[in-house]
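# structure of the sequence below:
(2 chains)
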Protein chains: 2
Amino acid sequence: MSKRGLLLVGHGSKLPYNKELVEATAGFIAERANEYVVKPGFMSINEPTVEEQLEAFREESIDMLVVVPLFLARGIHIDKDIPGILGLPEGSKEGTFQINGRTVPLVYADPIGSDPLLAELMLKNASDAIARLDP
Amino acid sequence: MSKRGLLLVGHGSKLPYNKELVEATAGFIAERANEYVVKPGFMSINEPTVEEQLEAFREESIDMLVVVPLFLARGIHIDKDIPGILGLPEGSKEGTFQINGRTVPLVYADPIGSDPLLAELMLKNASDAIARLDP
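Below you'll find the model as predicted:
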């Protein structure tokens, strides 16, 4: 079965926590969805960079590349910087990706955004904090 | 039934997207969990501020205040700035909150962090992007 590439893009940080989050989330995705080859890449400070991981995907036999930003909401990175690296015109979420002479579709997913699942996550963190209080 | 307060803390941004995200998520939480009185508050730039919402909670008949940061990962805001506003010593996640002479527990929840639910959200955003490609 041919697979899809999933590039999980993180912001990067001088502190270790953003990198840990992005790498752990890439691991969870790979466990859950074996139709994807998953690689984490960072906008700044941390490595591997987004550019390095794009190069790495050119070695994979994927039939599509999906770029998923692990960001809470839209902003300059989402609207300008990442599309710039991907070679997408601003506002466009579809392009192409070259793999050894083949051209496959590239799609650019939205950041987390407003989603009931995010509310569930917040409620879970609230419950965990309350549970710590009542030993 | 007495309720719990849930203060959802957002980062704040000059662009409108962080505020929209935090307010929409507070709305989802309020719909799903009627045991909570939910208020969104911001660390910087946007209003209402965290401090303003703490004052607003002093008017509510709640028996506990849970502070939940809508941040991806730990960092300076999570480890220092928010605990400072809440009057918690750094590293502590439990304190107290004064309401009209009554003292109720205050608990400080973790940010989003590594969670299988976050991986699900990323996979959903990936699927949505692919669905846009195949009309």
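# now do the same for A:Gly12: helix, strand or coil?
A:Gly12 carries the three-state label coil when classified by DSSP: H, G, I helix; E, B strand; the rest coil.
# return the residues in contact with it.
Contact partners of A:Gly12, counting by CB atoms under 8 Å, 6 or more residues apart in numbering or on different chains, are A:18-19, A:42-46. C-betas here are computed from N, CA, C, even on glycine.
# take those and keep only those in strands.
A:Phe42 (DSSP state E).
# from the contacts of A:Gly12, which are also near chain B?
A:Asn18 (CB under 8 Å from any CB of the partner chain).
# nearest to B:Asn100 among the contacts of A:Gly12?
Ranked by distance to B:Asn100 (CB to CB), the contacts of A:Gly12 are led by A:Asn18 at 40.3 Å.
# list the helices and strands the lengthiest helix in chain A packs on?
If each helix of chain A is counted by residues according to DSSP state H, the longest one is helix A:116-133. Counting contacts by 3 or more CB pairs under 8 Å, 6 or more residues apart in numbering or on different chains; DSSP states H and E, helix A:116-133 packs against strand B:3-10, helix B:17-32, strand B:62-69, strand B:102-108, helix B:116-133.
# who does the third one pair up with?
On the basis of DSSP bridges, the sheet neighbours of strand B:62-69 come out as strand B:3-10 (parallel), strand B:102-108 (parallel).
# what's the first helix or strand after that strand?
Next in sequence after strand B:62-69, counting helices and strands by DSSP states H and E, comes helix B:76.
# quick check: mean pLDDT across that following helix?
In this model, helix B:76 has a mean pLDDT of 93.
# neighbouring contacts of whichever helix or strand comes after that helix?
Using DSSP H and E, the helix or strand that follows helix B:76 towards the C-terminus is helix B:82-86. Applying CB under 8 Å, 6+ apart, the external contacts of helix B:82-86 come out as B:9, B:43, B:50-51, B:54, B:67, B:69, B:89-92, B:95, B:106, B:108.
# just to revisit the earlier point, just the strands paired with strand B:62-69: most buried one?
With neighbours taken as mean count of other CB atoms under 10 Å in any protein chain shown, these reach their highest mean count in strand B:3-10, at a mean of 24.
# beta-bridge partners for A:Val68, please?
Residues in beta-bridge contact with A:Val68 (DSSP bridges): A:Leu8.
# give me the neighbour count for it.
Neighbourhood size, A:Val68 [other CB atoms under 10 Å in any protein chain shown]: 27.
# enumerate every residue touching it.
A:6-9, A:109, B:122, B:125-126, B:129.
# give me the pLDDT for the closest residue to A:Arg32 other than its chain neighbours.
Leaving aside its sequence neighbours, A:Arg32 sits nearest to B:Ala119 (CB to CB, 6 or more residues apart in numbering or on different chains; 6.1 Å). pLDDT, B:Ala119: 97.
# I'd say B:Ala119 and A:Thr25 touch.
Yes - assessed by CB atoms under 8 Å, B:Ala119 is found in contact with A:Thr25 at 5.3 Å.
# among the two, which residue is more densely surrounded?
A:Thr25 (26 against 23).
# I'd say that one and A:Leu8 touch.
Yes - contact criterion CB under 8 Å: A:Thr25 and A:Leu8 qualify, at 6.4 Å.
# quick check: neighbours shared by the two?
A:40, A:70, B:122.
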